[in-house]
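Student: sequence first, predicted coordinates after that:
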Amino acid sequence: MKRIWLAACLVAIASGCATTKEWSATGGSRSDGVVRLSYTQGEFESVTVNEAQGIDLATRRCATWGYTGAEAFGGVTRQCNQPGGFAGCALWTVTKEYQCLGEGNAHSTGSRVETITVPTQSRQSTQDMKWQPKGAFKKD
């Protein structure tokens, strides 16, 4: 009986604790329409992640930039934040990127006007053009 109890305890310890994690916003780029969400995972944790909560959070972040939605790029990246024993890792940060959907207003905020030089077809002269916030170009 003691052997069965000991074996059960070892299996429970080796499998780690089952933990439910929620995504939190950790970065992104408004101009690229990308949101990064992350969570931390301990060395012996068995993690379950709520993917619907991640999509909802990314969609809300994208909406603040004028986008209409978000979708996951695919996989996750893991970065070790705290080395563990036996060349392992005691604490991981797991990150997933989401692409914002729609046009967004990343390039149309404010009244910023930039001057750019565009070569003509002959490539011997250039003409100055000004970028307007709504994407329209005007000749000087």
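Tutor: Thanks, I have it.

Student: work out for me the element G75 sits within.
Tutor: strand 69-83 (DSSP states H and E).

Student: buried stuff in the helix or strand just after that strand?
Tutor: Following strand 69-83 in sequence order, the next helix or strand is strand 89-101 (DSSP H and E). By 16 or more other C-beta atoms under 10 Å, the buried positions in strand 89-101 come out as C89, W92, V94, T95, K96, E97, Y98, Q99, C100. C-beta coordinates here come from the backbone N, C-alpha and C atoms, glycine included.

Student: what helices and strands are in contact with the strand holding G75?
Tutor: Where contact means 3 or more C-beta pairs under 8 Å, 6 or more residues apart in numbering; DSSP states H and E, strand 69-83 is packed against strand 34-42, helix 51-64, strand 89-101.

Student: please name every helix or strand in contact with the second one.
Tutor: In terms of contacts (3+ C-beta pairs under 8 Å, 6+ apart), helix 51-64 is packed against strand 24-29, strand 34-42, strand 69-83, strand 89-101.
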